[in-house]
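Undergrad: Below is the sequence, then the predicted model.
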2 protein chains.
Amino acid sequence: MPKFMDVHRGMKGLTADQLMEAHRADLAIEKDENVHFEHAWADPESGIVYCLSEAPSADAVQRIHERAGHRADEVHQVTLEA
Amino acid sequence: MPKFMDVHRGMKGLTADQLMEAHRADLAIEKDENVHFEHAWADPESGIVYCLSEAPSADAVQRIHERAGHRADEVHQVTLEA
């Protein structure tokens, strides 16, 4: 299954609870698109959130994020890992 | 130990071998700055590489990347995870 890294900007001041709630909102509906969000990392100071997922396509990742209320600014398929 | 996500741009056409070699170059000297690069993900189509690390500071991350020959375009401390 392809892997994706997506990026959300403009999240300055994000709290641990808000990140957890947003991640849970993704997890609650991700099966509808055969997506799995593996991990999220956030820098509340610059307002950036990175999400790593497995999914059939970038569009599937974006559809889940949109329905969960937080459209990603970028979704990149990461075809290489080290 | 604080965690960091750093981003390299302009890496269009990066190959698996090149990513592995760059990652190995970081690993070979990371102890000098008490940094550990845990994982790297790359999208050769858009030319973006994401590196996840543990380090004492963003400057320490950048010093290792610079010495290894690939300065990061952004280094963000990721204080939240989900």
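TA: It's in.
Undergrad: any idea what sits nearest residue A:58, other than its immediate chain neighbours?
TA: In space, and not counting its chain neighbours, residue A:58 is closest to residue A:75: 4.2 Å by C-beta to C-beta, 6 or more residues apart in numbering or on different chains. Where C-beta positions appear, they are placed from N, C-alpha and C, glycine not excepted.
Undergrad: and what of residue A:13?
TA: Leaving out its chain neighbours, the residue that sits closest to residue A:13 by C-beta to C-beta, 6+ apart is residue A:44, at 5.7 Å.
Undergrad: Count residues in the vicinity of that neighbour, would you?
TA: Neighbourhood size, residue A:44 [other C-beta atoms under 10 Å in any protein chain shown]: 19.
Undergrad: Am I right that the residue nearest to residue A:58 sits in a strand?
TA: Yes: assessed by DSSP: H, G, I helix; E, B strand; the rest coil, residue A:75 belongs to a strand.
Undergrad: what's the spacing between it and residue B:66?
TA: Spatial separation of residue A:75 from residue B:66 under the definition C-beta to C-beta, to the nearest Å is 29 Å.
Undergrad: ok, those two, which is more surrounded?
TA: For residue A:75 and residue B:66, the more surrounded residue by other C-beta under 10 Å is residue A:75, and the numbers stand at 21 against 11.
Undergrad: how about the strands of chain A, start to end?
TA: Read by DSSP state E, chain A holds these strands, from start to end of the chain: A:3-8, A:36-43, A:48-54, A:74-77, A:80-81.
Undergrad: Kindly report the residues of chain A close to chain B.
TA: On the criterion C-beta under 8 Å from any C-beta of the partner chain, chain B has as its neighbours in chain A the residues A:3, A:5, A:14-16, A:19-20, A:22-23, A:39-46, A:48, A:50, A:52, A:76-82.
Undergrad: hmm, 7 Å instead?
TA: A:3, A:5, A:14, A:16, A:19-20, A:23, A:39-44, A:46, A:48, A:50, A:76-82 (C-beta under 7 Å from any C-beta of the partner chain).
Undergrad: What subset of the residues you listed is buried?
TA: Buried positions within the residues of chain A next to chain B, assessed by neighbour count (16 or more other C-beta atoms under 10 Å in any protein chain shown), are A:3, A:5, A:14, A:19, A:23, A:40-44, A:48, A:50, A:76-78, A:80, A:82.
Undergrad: before we move on, the earlier item: pLDDT value on the residue nearest to residue A:13, please?
TA: The confidence metric pLDDT takes the value 98 at residue A:44.
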